[in-house]
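Q: How does the following fold in three dimensions:
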Amino acid sequence: MIQDAPGNIPKLSKTDIERLNTLSFEIGPIRPPSEGGSHSLLLRATRNCPWSRCKFCYGLIYNREKFQLRTVEDIKKDIDAARQIADAIRATSWKLGYGGAVTEDVGTALIRSNPGLNTNQSFILVFNWLYFGAKTVFLQDANTLIMPSDELLEVLKYLKKTFPTIERVTSYARAKTLAKKTPEELKELRKAGLSRLHVGLETGDDELLKYVDKGVTSAEQIEAGKKAKEVGFELSEYVMPDLGGRARSEQHALNTARVLNEIGPDFIRLRPFVPGPGMPLYDEYTKGDFQLSSPHERLREIRLLVEKLDVHSRLCFDHFLNSWYRDRSRRYTLFKQDYEGYKLPEEKEKVLELIEEGLKIDESVHIHVKDIIGMTL
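A: Numbering: from 1, shown residues only. This is a model prediction of the structure:
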């Protein structure tokens, strides 16, 4: 039976349907895989990266464009646009008799009425977000925490007011920036709803940090991570296997484990290094000055890292570049690639056993990083 929408849900006219295709908000180019998997709403609070000097990235994800702080007013306008899209989708649900629930049938009806919505990134993002419960938001781009704390607080409060169903707000944070924030600032941000931070640790080795021009020391990484944990943030630290190549493999693993043990993050997420055109490390690689490790050498580096870890964390291989191999025409991954990973220390031995299994597989069967250089990652 067709239900009548309650008075506070606007009914959707033909004009409203057409207007949906004109509504949009700014969306940045990247987000952590775990935020895509949970279908987070992506809102761009800053543009690009304020550092863009790391030799393994070099800001290429952002086309080397200049970093910009967006104004609170502009961010609020984007939040409002997302809300208008959400309201229109829910209004359609009521009109179709689904009582405000966002279903596949609702999406199909909207796209049939206005085929242009099928390529409207803002509409698709909001629809998927509503479909999966409208519970999580990711603030883009590379270092939202660099915003003045009072401005970020205003954005967080407005976001939670506009979308009361939100349970988690997440952001990338540069360790250098996090270390500079006072405990009081971080407590206020946490209280306002910012609940999870993703930090690019990459390595805990100071020589390697300097070599790749990360712009942070291991001591600052530890300070940043501890601050985040002490005020109650859920913390994901990203590690880059083979960032030091063959020459620095052992020190990379040992010192990264040392830093992680000091921090005790909630998640340790592995992102194997792959050099790409435009990166300074790619130039060094093509000249022969930087030697990539073989698949087995990478596994041995990860084994050393895991052996030295003494943390209560989740170890995650949630990226397709983490140790995969061929078996005839099929491809397999050595580790599970879900966003929760393996619980440490309880499943530490299981991870080490998987690594040993991988080392027993002939190295020629493993997919070498050299085979995927130049691919769109």
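
Q: Spell out the residue ranges of the helices in this protein.
A: 14-20, 33-37, 72-96, 104-113, 121-131, 149-162, 175-180, 183-192, 206-211, 218-230, 249-263, 280-287, 295-308, 348-360 (DSSP state H).

Q: Distance to F320 and mean neighbour count added to the ones you listed, as a markdown table?
A: Every C-beta, even on glycine, is put in place using the N, C-alpha and C of the backbone. Conversion of the helices of the chain to a markdown table gives the following (distance: least, Cβ to Cβ, whole Å; neighbours: other Cβ atoms under 10 Å):
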| stretch | distance to F320 | mean neighbour count |
| --- | --- | --- |
| helix 14-20 | 34 | 14 |
| helix 33-37 | 9 | 18 |
| helix 72-96 | 29 | 19 |
| helix 104-113 | 27 | 16 |
| helix 121-131 | 21 | 20 |
| helix 149-162 | 31 | 17 |
| helix 175-180 | 26 | 21 |
| helix 183-192 | 32 | 16 |
| helix 206-211 | 24 | 18 |
| helix 218-230 | 26 | 20 |
| helix 249-263 | 22 | 21 |
| helix 280-287 | 20 | 16 |
| helix 295-308 | 14 | 20 |
| helix 348-360 | 16 | 15 |
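
Q: Redo those helices as TSV? Include mean pLDDT and distance to H198.
A: Listed next are the helices of the chain as TSV, based on pLDDT from 0 to 100; distance: least, Cβ to Cβ, whole Å:
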stretch	mean pLDDT	distance to H198
helix 14-20	73	31
helix 33-37	81	8
helix 72-96	94	19
helix 104-113	89	29
helix 121-131	95	19
helix 149-162	98	16
helix 175-180	96	11
helix 183-192	98	15
helix 206-211	98	18
helix 218-230	98	11
helix 249-263	98	14
helix 280-287	95	22
helix 295-308	97	19
helix 348-360	97	21
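
Q: Would you reformat those as CSV and include distance to H319?
A: Compiled in CSV, these are given as follows (distance: least, Cβ to Cβ, whole Å):
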stretch, distance to H319
helix 14-20, 34
helix 33-37, 6
helix 72-96, 28
helix 104-113, 29
helix 121-131, 21
helix 149-162, 28
helix 175-180, 20
helix 183-192, 27
helix 206-211, 20
helix 218-230, 21
helix 249-263, 17
helix 280-287, 18
helix 295-308, 13
helix 348-360, 16
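
Q: among those, which is nearest F273?
A: Comparing those by their distance to F273 (Cβ to Cβ), the top pick is helix 280-287, with 7.8 Å.

Q: which one is I75 nearest to, not counting chain neighbours?
A: V155 (5.2 Å; Cβ to Cβ, 6 or more residues apart in numbering).

Q: and the chain, what are its domains?
A: Segmentation of the chain into domains, based on automatic domain parsing, reads 1-172, 199-205+221-377.

Q: now the ones you listed in JSON lines, with distance to D213?
A: Converted to JSON lines, these look like this (distance: least, Cβ to Cβ, whole Å):
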{"stretch": "domain 1-172", "distance to D213": "5"}
{"stretch": "domain 199-205+221-377", "distance to D213": "8"}
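
Q: Tell me which of the ones you listed lies nearest to L189.
A: Nearest to L189 among the domains of the chain is domain 1-172 (6.3 Å), distances taken as Cβ to Cβ.

Q: How far off centre is the closest one?
A: Centroid separation for domain 1-172 versus its chain: 16 Å, with Cα atoms, centre = their mean, to the nearest Å.

Q: got a list of what P241 touches?
A: Going by Cβ atoms under 8 Å, 6 or more residues apart in numbering, P241 touches L270, R271, P272, F273, R298, E301, I302, L305.

Q: Setting aside sequence neighbours, what's the nearest residue to it?
A: The shortest distance from P241 to any residue other than its chain neighbours is 4.7 Å, reached at P272 (Cβ to Cβ, 6+ apart).

Q: Where is the longest strand in the chain?
A: strand 194-202 (DSSP state E).

Q: Relative to V212, which of the contacts of P241 is nearest.
A: Distance to V212 across the contacts of P241 (Cβ to Cβ) is lowest for F273, with 9.5 Å.

Q: JSON lines for the contacts of P241, including distance to I166?
A: Shown next, in JSON lines, are the contacts of P241 (distance: Cβ to Cβ, whole Å):
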{"residue": "L270", "distance to I166": "29"}
{"residue": "R271", "distance to I166": "27"}
{"residue": "P272", "distance to I166": "33"}
{"residue": "F273", "distance to I166": "34"}
{"residue": "R298", "distance to I166": "38"}
{"residue": "E301", "distance to I166": "39"}
{"residue": "I302", "distance to I166": "35"}
{"residue": "L305", "distance to I166": "35"}
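
Q: Nearest to D327 among those residues?
A: Nearest to D327 among the contacts of P241, with distances taken as Cβ to Cβ, is R298, at 19.1 Å.

Q: My read is that the closest one contacts P272, right?
A: Yes: look at R298 against P272 with Cβ atoms under 8 Å: they come within range, at 6.7 Å.

Q: which strands and helices sit next to the longest strand of the chain?
A: Strand 194-202 sits against strand 168-172, helix 175-180, helix 218-230, strand 234-239, helix 249-263, with contacts defined as 3 or more Cβ pairs under 8 Å, 6 or more residues apart in numbering; DSSP states H and E.
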